[in-house]
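A.B. asks: here is a sequence together with a model predicted from it:
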Amino acid sequence: MSIFEIIMMICFGMAWPFSIYKSLKTRQTGGKSLSFMVIVLVGYAAGVVHKLLYSQDRVIYLYLLNALMVLADILLYLRNERWQRKIASLKSKV
C-alpha cells in the first residue's frame, strides 16, 4: 500500500461531496461535464480492476467510494438535465 496513492485518492475524493451537494441544491447542470464524469468513473473502475488483479490492498475501498460518489453525481446530472428540459418545455408553452 502506497501512502502517496492513499493521499491522491483522498484528495480526489474530497471534491465529489461538494459537487454532489451543488447538484442537489441547484438542480443545474452548468459547470459540469457528463463526459468528464464518465471518464473519471472509468478511471476509478480501472483502478478497482487493477487492485483486484495485481495489488490487493485496502486502497480499493477508496477507489470504490470515489466511484460511488462519481456515479451519484452522474445520476444527479441526468436528473437535473431532465428537470431543466421539463422547465424549458413549460416556459416555451407559455
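C.D. replies: Received, thanks.
A.B. asks: where does the spatially most central residue of the chain sit: helix, strand or coil?
C.D. replies: In the chain, the C-alpha nearest the mean C-alpha coordinate belongs to residue 70, at 1.5 Å (C-alpha atoms, centre = their mean). Here residue 70 is recorded as helix under DSSP: H, G, I helix; E, B strand; the rest coil.
A.B. asks: and it, what pLDDT?
C.D. replies: Residue 70 carries a pLDDT score of 98 in this model.
A.B. asks: repeat for residue 82
C.D. replies: pLDDT at residue 82 comes out at 96.
A.B. asks: count the residues that sit near it.
C.D. replies: Neighbours of residue 82 under the rule other C-beta atoms under 10 Å: 11. For the C-beta atoms, the positions are set from N, CA and C on the backbone; glycine is no exception.
A.B. asks: hmm, back to that, which non-adjacent residue is nearest the residue nearest to the centre of the chain?
C.D. replies: In this structure, residue 70 finds its nearest non-sequential neighbour in residue 41, 4.7 Å apart by C-beta to C-beta, 6 or more residues apart in numbering.
A.B. asks: who touches the one you found in this structure?
C.D. replies: By C-beta atoms under 8 Å, 6 or more residues apart in numbering, the residues touching residue 41 are 67, 70-71, 74.
A.B. asks: and the helices in this protein, which stretches?
C.D. replies: 3-26, 34-53, 60-93 (DSSP state H).
A.B. asks: gap between residue 68 and residue 21?
C.D. replies: 15 Å (C-beta to C-beta, to the nearest Å).
A.B. asks: hang on, the earlier thing: next, the contact list for the residue nearest to the centre of the chain, please.
C.D. replies: Contacts of residue 70 were listed using C-beta under 8 Å, 6+ apart, and they are 16, 37, 40-41, 44.
A.B. asks: repeat that with 10 Å
C.D. replies: Listed by C-beta atoms under 10 Å, 6 or more residues apart in numbering, the contact set of residue 70 reads 12-13, 15-16, 19-20, 36-45.
A.B. asks: so which of the contacts of residue 41 wins on neighbours?
C.D. replies: Neighbours here mean other C-beta under 10 Å. Within these, the largest count is held by residue 70, at 26 neighbours.
A.B. asks: great, nothing more from me.
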